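>>> Please work out how this folds:
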Amino acid sequence: MNEQIVVKTYKGRHAQATAAFQADAAIMAAQGYVPLSQSWAEGAYGCGSFLVALILCVVLIGIVIFIYMLIVKPPGVLTVVYELRSRRPC
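Numbers count the residues shown, from 1 in each chain. Model prediction:
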């Protein structure tokens, strides 16, 4: 039995996640699913990573890590909700 609502996530940079979504959307459409909504969430470092970099600032290497964390953002997540639409015979 097919589920009516399917939620999929595509991780990576925005362009990579969008490309993965577009490839998967064609497959899902063949199964009768259409995308209802999508949302993009930027990646973020956790509190632990920030605290480790802050503590390592006492040692000179921590400053480099801290600057790296400010400049380079981790990959985000594209979340897409699909709904199963009944196919109408032609």
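>>> Could I get the full set of strands for the chain?
Counting by DSSP state E, the chain has strands at residues 5-12, 33-41, 76-84.
>>> Take those strands and lay them out in TSV including mean neighbour count, distance to residue 25 and mean pLDDT.
From N, CA and C alone the C-beta is placed, and that goes for glycine too. Listed next are these as TSV, based on neighbours: other C-beta atoms under 10 Å; distance: least, C-beta to C-beta, whole Å; pLDDT from 0 to 100:
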stretch	mean neighbour count	distance to residue 25	mean pLDDT
strand 5-12	14	10	90
strand 33-41	13	6	90
strand 76-84	17	8	87
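>>> TSV for those, including distance to residue 62?
Listed next are these as TSV, based on distance: least, C-beta to C-beta, whole Å:
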stretch	distance to residue 62
strand 5-12	28
strand 33-41	27
strand 76-84	25
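>>> my guess is residue 79 contacts residue 35, does it?
No - between residue 79 and residue 35 there is no contact under C-beta atoms under 8 Å: 10.7 Å.
>>> Of all the strands of the chain, which one is nearest residue 23?
strand 5-12 (9.5 Å; C-beta to C-beta).
>>> With just CA atoms, put the closest one into PDB.
Taking Å, rounded to 0.1, in the frame of the first residue of the first chain, the C-alpha atoms of strand 5-12 are listed here in PDB:
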ATOM      1  CA  ILE A   5       2.400  11.800   2.100                       C
ATOM      2  CA  VAL A   6       6.100  11.200   1.700                       C
ATOM      3  CA  VAL A   7       8.800  13.500   3.100                       C
ATOM      4  CA  LYS A   8      12.300  13.400   1.700                       C
ATOM      5  CA  THR A   9      15.500  15.300   2.500                       C
ATOM      6  CA  TYR A  10      18.300  16.100   0.200                       C
ATOM      7  CA  LYS A  11      21.600  17.200   1.900                       C
ATOM      8  CA  GLY A  12      24.400  19.200   0.500                       C
END
